[in-house]
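A.B. asks: pasting the sequence and the predicted model now:
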Amino acid sequence: MTPHQHIQNRIAQALVKLGFDISDEKLLILEKRKLENFGDIATTVALSLAKSAQRPPREIAQQIVDAFEIEPSIIERIEIAGPGFINFYLSPSCLQQSVIDIIRSAEQYGRSNKGDNKRVQLEFVSANPTGPLNIVSARAASVGDVLVNLLNMCGYQAQREFYVNDAGRQIELLGESLAAQYLTELGQPTPIPQEGYHGEYLRELARMLISAEGDVYLHLSTAERNRQFAQKALLYMLNRHQQTMEHFGVHFDVWFKESRLRETNEHLAVLQRLEISGHTYEQDGAIWFKSSAFGDEKDRVLLTNDGRPTYFLVDIAYHENKFERGFEQVIDFWGPDHHGYIARMSAALQALGHPKDAFQVCIIQQVNLLRNGQPVKMSKRAGEIIEMDELVAEVGVDVTRFFFIDRRTSQPMDFDIEIAKKQSDDNPSYYVQYAHARICSVLRHAEEHGFHLDQLKSTQFLTEAAALAVAKKLLDFPEVIIKAAESLEPHRLTGYLVETATLYHKFYHELQIVTDEQSITESRLLLCLATRQVLANGLQLLRISAPTRM
RNA sequence: GCGCCCAUAGCUCAGCUGGAUAGAGCAACGGACUUCUAAUCCGUAGGUCGUGCGUUCGAAUCGCACUGGGCGUGCCA
């Protein structure tokens, strides 16, 4: 049991003893320390109860404190402060023990079973296979990947999925665009369709085709050539997307193809279900879904008046397919340009009988790429986008991931390449990694001085404020993971790691770790080991390297 | 017009299921390396939390109305 849980339980006991109703779970939520003299853990329960009890909050606080059973090995003292806060101070022995516990838990420290094995699917990036991945995909990849790690760390069964839109009009256009480049390269200037793809990458692909196979496609009929080229371009782009993601350290469990749904007519089955359940109607020759009945602002077309399924219908089938595969919770990460789409998808899934909150969309806001404060010009090569590969090649995987995760997804962000590349104070990624490397260095130094790290036992000489502050911070780790995972806010983790690194650096400066005093050194080395473990576990969740020297 | 996102220190951002004195980093200024990694640390300075009402014991946080910026609002994908 964590000190946090211990205090929560004892407060509940005290409240019951005093005859308060504790059915409201919010009552027992504890506050983390804000300032040094506000305790390590605080509760506002007396303030919350004051109204219904019609008594002054401080009086209630006093009653609770009197009824509270203190476990001296965990709690040093309790005080009432301000209008009625109850502040708990953890005892040094509790913190000393926690350091030992963390080392013992090793890479399992931070794991919990909060998720109760609930099956969750996260779908992210899902960029169209019509061009290279851009920097927005890099942000989505970072966030989605880390969130899956976080969810799995607290007991969910989470999976990564990439949806490949390999069917429909855009793929036809892709084929036509490639064919135009191919013919042009072979001396038959052919315009790329207006709505087609004009990026350099298709010209490169056309050249590759020519050097590999020559002009064999010249003699095909236009329709056949377009069809074959669509498949060639598709395979090529998909392959590149997969390489980009692998290189970035993101391993999708499933690459799900839209064409699969169409081949098996799953969209028609879904359409039928919606029709049978009375959620559709015909108008102007098209089939409409009554999404407005579920909160959407207007109804949406499922089958066009010439009988073609809309993208929306196929997308409904895709999401239905996810649930059929057994996921209880489905979370999509979309760009801000798709937010208008949320209501209709949510409506459709409700119409198909899924609970409203089983489907969730997280909008990841846009990225403005800067260089020394100036907007980066678009690359012609890629066709009006900045390629993810280029960014990662220049900045590096670790820093790129850290920068994207360090900001709330709901916030549009500026990504300055020059700051990201700087190996200096402005770079929080290095700051955390440096703390890890520094600990490793200290530990090496200790071993050179005859300390055997696996034989250290006692933390009883961890008594200074700087050392205990680190221990307190380490204690927060499991809670941070749960909060970050369940609120879909991975930036909480990077923020926590920076804070942890800060406290460690302070501790390092204030106290000599390896000293002539055997027992003091032992205690401090154990704190180093625990800190290293937490930093390593955190960096592992971010899939950022934890260097042993820098 | 309607809907969504955003607005916090000069800059980049935390803090938001209501809590105590709104925090970091960068930039600026001043300090600390003969001592376990100075990619570090310490100190100084920096704020009408976009504006105005409201809810209440208490609001950066919740509600309403404005202002300013971004995005959406297809029988496109």
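C.D. replies: Arrived safely.
A.B. asks: which residue ranges of the stretch 251-400 of chain A form helices?
C.D. replies: A:258-263, A:266-276, A:311-324, A:342-351, A:388-395, A:397-405 (DSSP state H, counting those that start in this stretch).
A.B. asks: just the stretch 451-550 of chain A next, same as before
C.D. replies: Using DSSP H, counting those that start in this stretch, helices in the stretch 451-550 of chain A cover A:465-475, A:477-486, A:491-510, A:518-542.
A.B. asks: now tabulate those helices in a markdown table and tack on distance to A:Pro191 and mean pLDDT.
C.D. replies: Bear in mind the C-beta positions are built from the backbone N, C-alpha and C, glycine included. As requested, these are exported to a markdown table (distance: least, C-beta to C-beta, whole Å; pLDDT from 0 to 100):
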| stretch | distance to A:Pro191 | mean pLDDT |
| --- | --- | --- |
| helix A:465-475 | 62 | 94 |
| helix A:477-486 | 50 | 91 |
| helix A:491-510 | 46 | 94 |
| helix A:518-542 | 46 | 96 |
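A.B. asks: next, format those as a markdown table and append mean neighbour count and distance to A:Gln433.
C.D. replies: Below are the helices of the stretch 451-550 of chain A laid out as a markdown table (neighbours: other C-beta atoms under 10 Å; distance: least, C-beta to C-beta, whole Å):
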| stretch | mean neighbour count | distance to A:Gln433 |
| --- | --- | --- |
| helix A:465-475 | 21 | 17 |
| helix A:477-486 | 21 | 17 |
| helix A:491-510 | 19 | 9 |
| helix A:518-542 | 21 | 7 |
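A.B. asks: how about the residues of the stretch 1-150 of chain A near RNA strand B?
C.D. replies: A:26, A:29, A:31, A:34-35, A:37-39, A:42, A:44, A:47-48, A:50-51, A:81-83, A:85, A:87, A:128 (C-beta under 7 Å from any atom of the strand).
A.B. asks: just those: which are in strands?
C.D. replies: A:31, A:42, A:81, A:85, A:87 (DSSP state E).
A.B. asks: of all those, which two lie farthest apart?
C.D. replies: A:Glu31 and A:Ala81 (11.9 Å; C-beta to C-beta).
A.B. asks: circling back to that earlier point, for RNA strand B, which of the helices of the stretch 451-550 of chain A is the nearest?
C.D. replies: helix A:491-510 (3.6 Å; C-beta to the nearest atom of the strand).
A.B. asks: alpha carbons of the closest one, as PDB, please.
C.D. replies: Only the C-alpha atoms of helix A:491-510 are listed here, as PDB (Å, rounded to 0.1, in the frame of the first residue of the first chain):
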ATOM      1  CA  HIS A 491       3.000  15.500 -21.300                       C
ATOM      2  CA  ARG A 492       2.400  14.900 -17.600                       C
ATOM      3  CA  LEU A 493       5.100  12.300 -17.800                       C
ATOM      4  CA  THR A 494       7.700  14.500 -19.400                       C
ATOM      5  CA  GLY A 495       6.900  17.200 -16.900                       C
ATOM      6  CA  TYR A 496       7.300  14.800 -14.000                       C
ATOM      7  CA  LEU A 497      10.700  13.500 -15.300                       C
ATOM      8  CA  VAL A 498      12.000  17.000 -15.600                       C
ATOM      9  CA  GLU A 499      10.900  17.700 -12.000                       C
ATOM     10  CA  THR A 500      12.500  14.500 -10.900                       C
ATOM     11  CA  ALA A 501      15.700  15.400 -12.700                       C
ATOM     12  CA  THR A 502      15.700  18.800 -11.100                       C
ATOM     13  CA  LEU A 503      15.400  17.500  -7.600                       C
ATOM     14  CA  TYR A 504      18.200  15.000  -8.200                       C
ATOM     15  CA  HIS A 505      20.500  17.700  -9.600                       C
ATOM     16  CA  LYS A 506      19.800  19.800  -6.500                       C
ATOM     17  CA  PHE A 507      20.500  16.800  -4.200                       C
ATOM     18  CA  TYR A 508      23.700  16.100  -6.100                       C
ATOM     19  CA  HIS A 509      25.000  19.600  -5.700                       C
ATOM     20  CA  GLU A 510      24.000  19.900  -2.000                       C
END
